[in-house]
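Colleague: for reference, the sequence and a predicted model appear below.
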Amino acid sequence: MTATPFRPSERVSAYVRLARLDRPIGILLLLWPTLWGLWLAADGFPPPYVLFAFVTGTVLMRSTGCVINDYADREFDGHVERTRMRPLATGEVTTKEALLLAGGLSVLALLLILPLDRLVLWLSIPAIFLAASYPFTKRFFALPQAYLGIAFGFGIPMAFAAVHGSVPAVAWWMVLANVFWALAYDTEYAMVDRPDDLKIGIRSAAITFGRHDVAAVMTCYAIALALLAAIGLVHGLGYAWFAGLAVAGVIAGHHYVLIRGRDRQRCFKAFLHNNWFGAVVFVSLVLDRLLV
């Protein structure tokens with residue numbers, strides 16, 4: 001597919017949209033669990049460069065994932081209402097340009113972690129593999145949203161490695177909590193695309209759960225919160241943490257109100273609202289460590 005000639009400003013705009021930098025919700029959903037891991041590992045404010053590297057790296061890797069996702073779905077996106085105007089689907093950007101952009105963003109992310117503990121570099125290998133392979137799981141895996149949860153949670157063990165040079169068990173339990181949270185919010189997202197996904201043969205949790213989709217979403221929220229509460233008990237977190245989890249539970253309850261009718265716009269609104277779920281959990285952890 002040949003790209004239409006653009007002025008430089010239009011070309012930059014196409015790259016920004018391809019990397020989804022104009023829609024930061026994905027960055028935030030990746031950032032919040034990473035920050036959970038950093039604050040828990042450091043028992044408070046992490047070292048400044050570590051914080052900078054992880055926040056910037058989150059933006060770069062989320063953008064890389066979006067480019068790879070659109071490359072993988074380039075034959076499908078044109079048939080889905082929500083994605084038909086993406087730059088690769090319309091031919092604004094060529095496949096070669098997309099691969100070069102993904103490669104350049106990955107290299108920048110790699111340069112950021114070079115000064116950190118060597119274990120962070122080793123963990124970046126499966127992290128990159130997860131980000132690159134996730135889009136293809138939608139062809140064969142019944143719950144690709146669970147795979148996404150692992151990919152989006154891999155910043156947690158990397159955060160512990162950066163702070164401590166090791167990855168304790170609590171990091172992996174937090175990853176598991178993130179898997180269930182991602183299952184909840186990305187199933188809400190998949191409920192928006194379900195009619196289109198059924199037509200083109202894409203797998204999703206919304207299709208797998210079927211008429212039990214709403215119950216499955218709420219169960220995933222409950223399990224995620226239960227795991228986070230257990231982490232708080234084992235790690236000796238205080239009242240601020242558990243108060244934050246209670247507020248997050250109220251947010252999850254609001255999502256039930258939004259998605260129970262399975263209206264596509266309200267399901268998408270619930271998905272976007274998960275930014276507040278992640279933010280509340282993070283703020284509760286920050287306050288808890290300040291109050292120690």
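Modeller: Nice, thanks for sending it over. Residues are numbered from 1 along each chain as shown.
Colleague: ok, His235 - how many residues close by?
Modeller: By the measure other CB atoms under 10 Å, the count of residues near His235 is 16. Heads up, the C-betas are built off the backbone N, CA and C, glycines and all.
Colleague: quick check: Leu99 vs Cys220, distance?
Modeller: If you measure Leu99 against Cys220 using CB to CB, to the nearest Å, the figure is 34 Å.
Colleague: between those two, tell me which one has more neighbours.
Modeller: Comparing Leu99 with Cys220 by other CB under 10 Å, the one with more neighbours is Cys220, at 25 against 13.
Colleague: name the residues of the helix or strand where that one lies that are buried.
Modeller: With elements delineated by DSSP states H and E, Cys220 resides in helix 213-235, which encompasses its position. Within helix 213-235, the residues that qualify as buried by neighbour count (16 or more other CB atoms under 10 Å) are 213-214, 216-218, 220-221, 223-225, 227-229, 231-232, 235.
Colleague: and it, what does it pack against?
Modeller: Where contact means 3 or more CB pairs under 8 Å, 6 or more residues apart in numbering; DSSP states H and E, helix 213-235 is packed against helix 169-200, helix 205-209, helix 239-259.
Colleague: chain center to the second one, what's the gap?
Modeller: What it means is helix 205-209. Once both centres are worked out by CA atoms, centre = their mean, to the nearest Å, helix 205-209 turns out to sit 19 Å from its chain's centre.
Colleague: just the CA atoms of it, as PDB, please.
Modeller: Provided in PDB are the C-alpha atoms of helix 205-209 (Å, rounded to 0.1, in the frame of the first residue of the first chain):
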ATOM      1  CA  ALA A 205     -13.200 -11.900  26.000                       C
ATOM      2  CA  ALA A 206     -16.500 -10.200  25.200                       C
ATOM      3  CA  ILE A 207     -17.200 -12.900  22.700                       C
ATOM      4  CA  THR A 208     -15.900 -15.700  24.900                       C
ATOM      5  CA  PHE A 209     -17.900 -14.600  27.900                       C
END
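Colleague: contacting residues around the helix holding Cys220?
Modeller: Residues external to helix 213-235 that are found in contact with it (CB atoms under 8 Å, 6 or more residues apart in numbering): 40, 170, 173-174, 176-178, 180-181, 183-184, 187-188, 191, 205-206, 209, 237, 241-242, 245, 248-249, 252, 255-256, 259-260, 262, 281.
Colleague: ok, of the residues you listed, which come out buried?
Modeller: A residue is treated as buried here by neighbour count (16+ other CB under 10 Å); on that basis the buried members of those are 40, 170, 173-174, 176-178, 180-181, 183-184, 187-188, 191, 205-206, 209, 237, 241, 245, 248-249, 252, 255, 259, 281.
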